[in-house]
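Q: Need the 3D shape of this:
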Amino acid sequence: MPDVGRSMQQLLDYMEDDIEETFCLNFTVTVDNFGTTEVRELVPNGAETSVNQKNKQEFVDAYVDYIFNHSVASLFNAFYAGFHKVCGGRVLDLFHPNELQAMVIGNTNYDWKELEKHTEYKGEYWADHPTIKIFWEVFHELPLEKKKQFLFFLTGSDRIPILGMKSLKLIIQPTGGGENFLPVSHTCFNLLDLPKYTSKETLKEKLIQAIDHYEGFSLA
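A: Numbers count the residues shown, from 1 in each chain. Next up, the predicted model:
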């Protein structure tokens, strides 16, 4: 809500005596409740309390408190109850906030070379197989967002485990069919079926198609 933030700052910066006539504010906030416009009072008798030079800081504080706390209180309480029902207990007290965050959302240190280093190969594939060398060349040239999409395509999540890329244990195996087939992922096993492409251009085209089609399907 950058526009609201700017409006609040303009109010605080305004030093003229005609602040009531200029801003025409009282201690209320207008909200949309499933298509119905409602007016909520920020303080008792807020509708009858005009914002002036003396109380404008109090108004801004009350407005911010409402937006970030009171307006989402019921939603937060439901989340809080559900979270503690699944992840509660005394063990929760053992974690610092940053540790708990890492446990819930995963690691964001995307070390792609580490992913390559710990990848395993099956069948005819090995680290120096021509198709595998082309694959990693293409992969490392992809932009960050496309790499994260590949991670989602492969594992079902664009986050990595708290222990890092090495714990993902990506597996690549050859698959039957020609170069017209797309790569296929098996998210339960972090397994990639990769056709034996012979050209960098074809591999890049098919890999991006597979990633994009998976994204589209998952959002449908």
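
Q: Return the alpha-carbon coordinates of the lowest-mean-pLDDT helix or strand in the chain using CSV.
A: Sorted by mean pLDDT, DSSP states H and E, the helices and strands of the chain end with helix 97-105, the least confident at a mean of 77. The C-alpha coordinates for helix 97-105 follow below in CSV (Å, rounded to 0.1, in the frame of the first residue of the first chain):
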residue,chain,number,x,y,z
PRO,A,97,12.6,-17.2,14.7
ASN,A,98,15.1,-17.4,11.9
GLU,A,99,15.5,-21.2,12.5
LEU,A,100,11.8,-21.7,12.4
GLN,A,101,11.5,-19.7,9.2
ALA,A,102,14.2,-21.9,7.6
MET,A,103,12.3,-25.0,8.7
VAL,A,104,9.0,-23.8,7.3
ILE,A,105,10.0,-22.2,4.0
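
Q: ok, residues contacting it?
A: Residues outside helix 97-105 that contact it (Cβ atoms under 8 Å, 6 or more residues apart in numbering) are 92, 95, 159, 162. Using the backbone N, CA and C atoms, a C-beta is placed for each residue, glycine as well.

Q: List the contacts of residue 115.
A: The contact partners of residue 115, by Cβ under 8 Å, 6+ apart, come to 165, 168, 170.

Q: where does the first one land on pLDDT?
A: Note for residue 165: predicted pLDDT of 84.

Q: elements contacting the helix or strand residue 136 falls within?
A: For residue 136, the host element (DSSP states H and E) is helix 130-141. When contacts are defined as 3 or more Cβ pairs under 8 Å, 6 or more residues apart in numbering; DSSP states H and E, helix 130-141 packs onto helix 112-117, strand 171-174, helix 200-219.

Q: For residue 75, which of the ones you listed is the nearest?
A: Taking Cβ to Cβ, helix 200-219 is the member of the helices and strands packed on helix 130-141 nearest to residue 75, at 23.2 Å.

Q: All good on my end, thank you.
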